[in-house]
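Participant: Here is a sequence together with a model predicted from it:
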Amino acid sequence: MNRYSLQPEDKRFIDEFMRNPIGHHSPGLQRVLNVMRGGELEGKYVLVILQPYRRWALGRLPARRGEPISLVEGVEYKCQLQAERDVFARRWKDLTGEDIDHELIREGAVNA
């Protein structure tokens, strides 16, 4: 079990992530990402590379390591930044119950 959880004040890190999903992050955002990446594996959203540097799919982790990742039907990405933003938003919703409404997500809406 994770000893940290997302708090209402962590919303301030959403914009930082959306502007720069890949690379170095502030300590506060890194803590948020550690919370999102930790915890239970089953059902956690992940990116699956379909074609290196060109196409990604949305997947969900299985209950046990070694079992196949299930792909979310109809959700693919042609931009890694948009893919990372979408996974962040989906994990945020899973952990907080809140949708992220951010212009960078809307601009790169995924195929669903």
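Facilitator: That came through, no problem.

Participant: residue ranges for the strands of the protein, please.
Facilitator: Counting by DSSP state E, the chain has strands at residues 45-51, 55-60, 70-77.

Participant: Return the most buried member of these.
Facilitator: strand 55-60 (a mean of 19; mean count of other Cβ atoms under 10 Å). Just so you know, the C-beta spots here come from the backbone N, C-alpha and C atoms, and that holds for glycine as well.

Participant: Other residues contacting that one?
Facilitator: Strand 55-60 has contacts (Cβ atoms under 8 Å, 6 or more residues apart in numbering) with 43-50, 69-72, 75-78, 80, 83, 86-87, 90, 110.

Participant: and the closest residue to Leu33 other than its chain neighbours, what are its phi and psi?
Facilitator: Spatially, and ignoring its direct neighbours in sequence, Leu33 is nearest to His25 (6.7 Å; Cβ to Cβ, 6 or more residues apart in numbering). Main-chain dihedrals, His25, degrees, to the nearest 10: phi -130, psi 160.

Participant: ok, His25 touching Asn34?
Facilitator: No. Contact status for His25 versus Asn34: not in contact, 10.2 Å apart, counting by Cβ atoms under 8 Å.

Participant: of those two, who's got more company?
Facilitator: His25 (16 against 12; other Cβ atoms under 10 Å).

Participant: Quick check: the more buried one vs Arg65, distance?
Facilitator: 26 Å (Cβ to Cβ, to the nearest Å).
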